[in-house]
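[1] can you look at this prediction? I've put the sequence above it.
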Amino acid sequence: MAGGLRKGLTSYGDTGFSLFLRTAFIKAMGFSDDALDRPIVGIADTASDYNPCHGNAPELVEAIKRGVMLAGGLPMAFPTISIHESFAHPTSMFLRNLMAMDTEEMIRAQPMDAVVLVGGCDKTLPAQLMGAASAGVPAIVVPTGPMLVGHHKGEELGACTDCRRLWGEFRAGRISEAEINVIKGRLAPTKGTCMVMGTASTVACMVEAMGMCLPGGATCPAMHSARLALAEASGTAAVRLAGAGPAPAEILTPAAFRNALVVLQAIGGSTNALIHFTAIAGRLGIPVDLEEFDRIGRSVPVLVDLKPSGRHYMEHLHHAGGIPRLLRELAPLLDTTARTVGGATLAEIIAGAEEVPGQDVIRPFAAPIMTGGGLAVLRGNLAPGGALLKRAAATPALLRHEGRAVVFESVDEMVATIDDESRAIRPDDVIVMRNAGPKGAPGMPEAGYIPIPRYLARQGVKDMVRLSDARMSGTAFGTIVLHLTPESAAGGPLALVRTGDRIRLDAEARRLDLLVADDELAARRAAWTPPPPPPGAERGYMKLYLDSVLGAEKGCDFDFCLAPEMR
Ligand code: FES
């Protein structure tokens with residue numbers, strides 16, 4: 001197959017003319033014939049004024065270009081959709097698949113022998129990997145990297161665990177409006193991704209564990225010179241990939257996914273990552289088995305002491321030896337023969353891991369933060385397709401709990417009435433929110449972190465059992481059950497719960513049950529009608545999304561994007 005500029009010619013009915021025209025136009029940029037004869041490394045550039053998590057992307061792209069040219073390739077940066085969590089309406093998840101399609105089609109449409117994916121904010125790396133997996137062109141990831149920590153009154157602050165914690169303090173009246181405004185300027189002190197073990201950090205750690213970026217790629221701070229050096233080295237590695245591969249499917253193997261899921265448990269990572277990696281695997285025809293994931297969780301302890309479940313931040317994980325050092329601790333549970341984009345096997349990367357005397361961020365396997373994994377998969381009559389609980393961020397006393405259901409029909413109703421004292425929510429109630437799944441909201445918002453009613457927060461209530469078919473930010477904490485599947489808008493059992501019902505959570509037994517008789521549930525089901533479609537459902541991307549999006553158990557991908565055997 002033709003490479004470089006000859007790859008994927010535009011169809012004019014005359015291939016010679018197609019190449020002539022392409023060359024003629026690109027010469028407008030001043031390229032020599034020598035340059036145009038080199039292997040081409042595309043660089044998916046996600047810089048955007050709307051995306052501070054990618055604020056360093058311009059410098060990274062320059063460093064990648066330098067690395068490509070040092071290795072004799074021709075770098076060609078191109079823009080794709082960029083998504084920032086707080087600048088995406090209705091949700092970033094609604095747009096993830098659009099970004100995946102954009103990335104896939106731009107890789108396929110434009111001539112490139114390898115591609116470097118520059119991403120970082122929560123949905124971007126998953127979207128890029130979904131696209132790259134489907135496009136099949138050799139790919140390497142350069143994460144934008146985590147922010148440095150913020151400081152306030154002598155305390156270290158992390159976006160966005162402390163955003164939520166301090167907002168909760170403000171809601172409860174323990175922080176003044178003046179102080180919360182000062183804090184607003186200190187929570188995100190540099191460019192880069194959230195520096196706690198939220199979704200962006202979780203995904204980056206899993207990407208490194210899967211061998212899709214160079215060692216250090218997940219943890220090196222966004223603003224460190226070492227990240228620019230890593231970008232340059234990634235550009236050089238991309239030229240090697242352009243010549244001989246491997247293709248993404250040769251790195252993203254079932255063993256690599258399993259390795260990534262071990263790491264997800266060991267870092268006490270974000271629940272969102274399971275959805276994203278299910279979607280990436282689905283592009284390659286690899287099923288992610290929830291029961292297997294739960295089994296992994298039971299044997300893998302949480303070893304990394306990072307917020308929101310621990311104390312430290314991503315820069316501390318980096319200085320403690322980063323993912324290679326963590327992989328050394330986990331080595332007996334990993335397939336260390338797995339290949340990586342840099343050419344080394346996981347075993348070779350582990351052998352080069354740095355030992356940092358006295359570090360307490362990565363615990364020894366024998367002295368974990370928590371045994372039994374960070375994430376638990378629940379089943380039961382409320383979640384026959386599964387639900388997720390982040391045990392590492394939950395209150396231990398609530399992991400086994402029975403309470404009265406208090407139901408909110410939607411995110412909007414919850415927001416409007418959660419603080420309404422006439423609802424008389426009690427601390428031992430189970431707060432239920434529905435119509436917040438992939439189709440229901442739509443876009444499966446990170447609304448699962450249902451706030452504690454203000455009047456209870458003021459009494460000192462810090463946690464309650466809350467459940468929904470929504471997602472939750474990886475930076476949040478609490479006894480929160482998420483991703484109830486099938487979602488309520490698709491007729492899942494969550495749609496049948498009524499205020500006053502009893503609900504039992506038993507995390508140890510991995511059960512979530514609605515304590516209502518089967519015949520009563522059957523009667524409620526017979527009377528159920530689906531919620532009306534959201535505004536805009538009749539056309540455009542919203543229509544494509546609503547017609548095609550799958551449930552959390554399929555990674556919320558579009559049905560037509562999955563590998564054929566997964567549909
Ligand atoms: Fe971008 Fe947190 S908002 S990583």
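    That came through, no problem. These figures come from a predicted structure and were not determined experimentally.
[2] residue numbers of this structure in contact with the ligand?
    Where the chain comes near the ligand, counting by C-beta under 6 Å from any ligand atom, the residues are 53, 84-85, 121-122, 193-194, 198, 200. Using the backbone N, CA and C atoms, a C-beta is placed for each residue, glycine as well.
[3] rerun that using 8 Å as the cut-off
    51-53, 84-86, 120-122, 159-160, 193-194, 198-201, 473, 475 (C-beta under 8 Å from any ligand atom).
[4] so how do I select the buried members of these in ChimeraX?
    Only the buried entries of those go into this ChimeraX selection, using 16 or more other C-beta atoms under 10 Å:
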select :51,52,53,84,85,120,121,122,159,160,193,194,198,199,200,201,473,475
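[5] among the residues of the chain next to the ligand, which lie within helices?
    199-201 (DSSP state H).
[6] who are the contact partners of Asp113?
    Residues in contact with Asp113 (C-beta atoms under 8 Å, 6 or more residues apart in numbering) are 3-4, 7, 39-41, 73, 137-138, 242-243.
[7] cool, Gly448 as well?
    With C-beta under 8 Å, 6+ apart, Gly448 has these contacts: 433, 436, 466, 468, 470-472, 476, 480, 482.
[8] just these now: which is nearest Lys27?
    Arg471 (47.7 Å; C-beta to C-beta).
[9] tally of neighbours for that closest one?
    31 (other C-beta atoms under 10 Å).
[10] can you check Pro532 too?
    Neighbours of Pro532 (other C-beta under 10 Å): 7.
[11] confirm that it sits in a helix.
    No: with DSSP: H, G, I helix; E, B strand; the rest coil as the criterion, Pro532 is assigned coil and is not in a helix.
[12] what distance do you get for it to the ligand?
    The spacing between Pro532 and the ligand, counted by C-beta to the nearest ligand atom, to the nearest Å, is 31 Å.
[13] in contact with that residue, which residues?
    Pro532 neighbours (C-beta under 8 Å, 6+ apart): none.
[14] separation between it and Glu413?
    Using C-beta to C-beta, to the nearest Å, Pro532 is found at 14 Å from Glu413.
[15] quick check: closest non-adjacent residue to the residue of the stretch 201-350 of the chain found nearest the ligand.
    Per C-beta to the nearest ligand atom, the residue of the stretch 201-350 of the chain with the smallest distance to the ligand is Ser201, at 7.8 Å. The shortest distance from Ser201 to any non-neighbouring residue, by C-beta to C-beta, 6 or more residues apart in numbering, is to Met314 (5.4 Å).
[16] ramachandran angles for Ala331?
    phi -50, psi -40 (degrees, to the nearest 10).
[17] for Phe91, grab the count of nearby residues.
    If you look again at residue 91, you'll see it is Thr, not Phe. Thr91: 23 neighbours (other C-beta under 10 Å).
[18] same thing with Pro384?
    13.
[19] what sits against it?
    Contacts of Pro384 by C-beta under 8 Å, 6+ apart are 485-486, 492-493.
[20] do Glu354 as well
    321-322, 324-325.
[21] again, only this time at 6 Å
    Gly321 (C-beta atoms under 6 Å, 6 or more residues apart in numbering).
[22] what distance do you get for it to the ligand?
    Glu354 is 26 Å from the ligand, by C-beta to the nearest ligand atom.
[23] which SS class is that residue?
    From three-state DSSP, the assignment for Glu354 is coil.
[24] for it, give me phi and psi.
    Here is the backbone geometry of Glu354 (degrees, to the nearest 10): phi -80, psi 140.
[25] just to revisit the earlier point, can you list the contacts of Asp113 in a markdown table and add neighbour count and secondary structure?
    Converted to a markdown table, the contacts of Asp113 look like this (neighbours: other C-beta atoms under 10 Å; DSSP: H, G, I helix; E, B strand; the rest coil):
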| residue | neighbour count | secondary structure |
| --- | --- | --- |
| Gly3 | 14 | coil |
| Gly4 | 16 | helix |
| Lys7 | 14 | coil |
| Pro39 | 20 | coil |
| Ile40 | 24 | strand |
| Val41 | 31 | strand |
| Gly73 | 26 | coil |
| Val137 | 21 | coil |
| Pro138 | 25 | coil |
| Ala242 | 26 | helix |
| Gly243 | 14 | helix |
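[26] got TSV for those residues, with pLDDT too?
    TSV is the format used below for these (pLDDT from 0 to 100):
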residue	pLDDT
Gly3	90
Gly4	94
Lys7	94
Pro39	97
Ile40	98
Val41	98
Gly73	98
Val137	98
Pro138	98
Ala242	97
Gly243	88
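[27] with the contacts of Pro384 in mind, which one is nearest to Met566?
    Thr485 (16.3 Å).
[28] on that earlier part again, can I get the contacts of Asp113 in TSV including distance to Ala256?
    Below are those laid out as TSV (distance: C-beta to C-beta, whole Å):
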residue	distance to Ala256
Gly3	26
Gly4	29
Lys7	27
Pro39	25
Ile40	26
Val41	23
Gly73	25
Val137	18
Pro138	15
Ala242	21
Gly243	22
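[29] which one among the residues you listed gets closest to Ile349?
    Among these, and counting by C-beta to C-beta, the member closest to Ile349 is Pro138, at 18.9 Å.
[30] could you find the closest non-adjacent residue to that closest one?
    Leu241 (3.8 Å).
[31] what of Leu74?
    Arg38 (4.1 Å).
[32] ok, and the closest non-adjacent residue to the residue in the stretch 351-500 of the chain that the ligand sits nearest to?
    Here the stretch 351-500 of the chain gets closest to the ligand at one residue, Thr475, 7.2 Å apart by C-beta to the nearest ligand atom. Spatially, and ignoring its direct neighbours in sequence, Thr475 is nearest to Gly198 (3.8 Å; C-beta to C-beta, 6+ apart).
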